[in-house]
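Visitor: just coords:
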């Protein structure tokens, strides 16, 4: 029996790309899921028949995670629907645009930081009381933060702001794990590399750049959203385990080579 059966999960940006794959695999693992999206309403609704077939509770809502009010309302709505919260997946984020250090002015830098780091901080802060309550009665709770290989290695040209933000997510994860551990809440991160078929790389990565990256991957291929989702589900299921403050690299062997 899945350890996640009946657990309640909130997934930010859970209606497209990696987030959508995570949503589907959490449902398949037995979770009841609440999905946040910014503008992907149709995609969020498309999961409803799948959740119903699996016998899982599923709902969704739009929210602006760059504002505290939006994050607080999202968490309140999710908790009301789910009846509590055992798992939080902080997946929201974006490169926004490729800009060099010289081109990235204060407004752009603040936008990237707010979307990638601030959203995770605001949602986690709102979710914390509910995760702590679940940890007391359910044996633990789990937070999974989405970082990036860019946060490990610095990223490609024009991604300095994004790479810095994703590096901050890694530090945020380690520090938060130490603070929340005594409450029974595990905090871990994922650092995906080249994940093909997502809007992120379709928008920001040329075919030539992707081909060059694949040529340097020991496993000889780019990753898929499902590759990341399997890892997310694994870390989510460790709500009562001994893994916390860790980062799981999903890149085909690039990092460290």
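Guide: Yep, that arrived. This is a predicted model, so every value here is computed, not measured. Residues are numbered from 1 along each chain as shown.
Visitor: could you pull out the helices for the stretch 51-200 of the chain?
Guide: 68-82, 106-113, 119-138, 149-153, 160-180, 199-204 (DSSP state H, counting those that start in this stretch).
Visitor: Which neighbouring elements make contact with the longest one?
Guide: I take that to be helix 160-180. helix 106-113, helix 119-138, strand 141-146, helix 149-153, strand 185-192 (3 or more Cβ pairs under 8 Å, 6 or more residues apart in numbering; DSSP states H and E). From N, CA and C alone the C-beta is placed, and that goes for glycine too.
Visitor: Can you give the strand pairings for the third one, parallel or anti for each?
Guide: The one in question is strand 141-146. Using DSSP bridges, the neighbouring strands of strand 141-146 in the sheet come out as strand 87-90 (parallel), strand 185-192 (parallel).
Visitor: Residue 101: which of those is closest?
Guide: Closest approach to residue 101 among these (Cβ to Cβ): strand 185-192, 22.2 Å.
Visitor: Next, the angle from the closest one to helix 160-180.
Guide: Orientation of strand 185-192 against helix 160-180 (axes from the mean of the first three to the mean of the last three Cα atoms, to 10 degrees) gives an angle of 160 degrees.
Visitor: Show me the shaky parts of this structure.
Guide: Scanning the chain for pLDDT under 70 picks out 1, 198-205, 255-257.
Visitor: Check the gap between the spatially most central residue of it and residue 184 for me.
Guide: Central residue of the chain (Cα atoms, centre = their mean): residue 91, 2.3 Å from the mean position. Distance, residue 91 to residue 184, using Cβ to Cβ, to the nearest Å: 23 Å.
Visitor: Ok, residue 26 next?
Guide: For residue 26, the distance to residue 184 equals 20 Å [Cβ to Cβ].
Visitor: now residue 4
Guide: Distance from residue 4 to residue 184, by Cβ to Cβ: 16 Å.
Visitor: do residue 222 as well
Guide: 37 Å.
Visitor: Residue 72 too?
Guide: Distance from residue 72 to residue 184, by Cβ to Cβ: 23 Å.
Visitor: circling back to that earlier point, do you know which of the helices and strands packed on helix 160-180 lies nearest residue 62?
Guide: Proximity to residue 62 (Cβ to Cβ) singles out helix 119-138 among the helices and strands packed on helix 160-180, at 13.8 Å.
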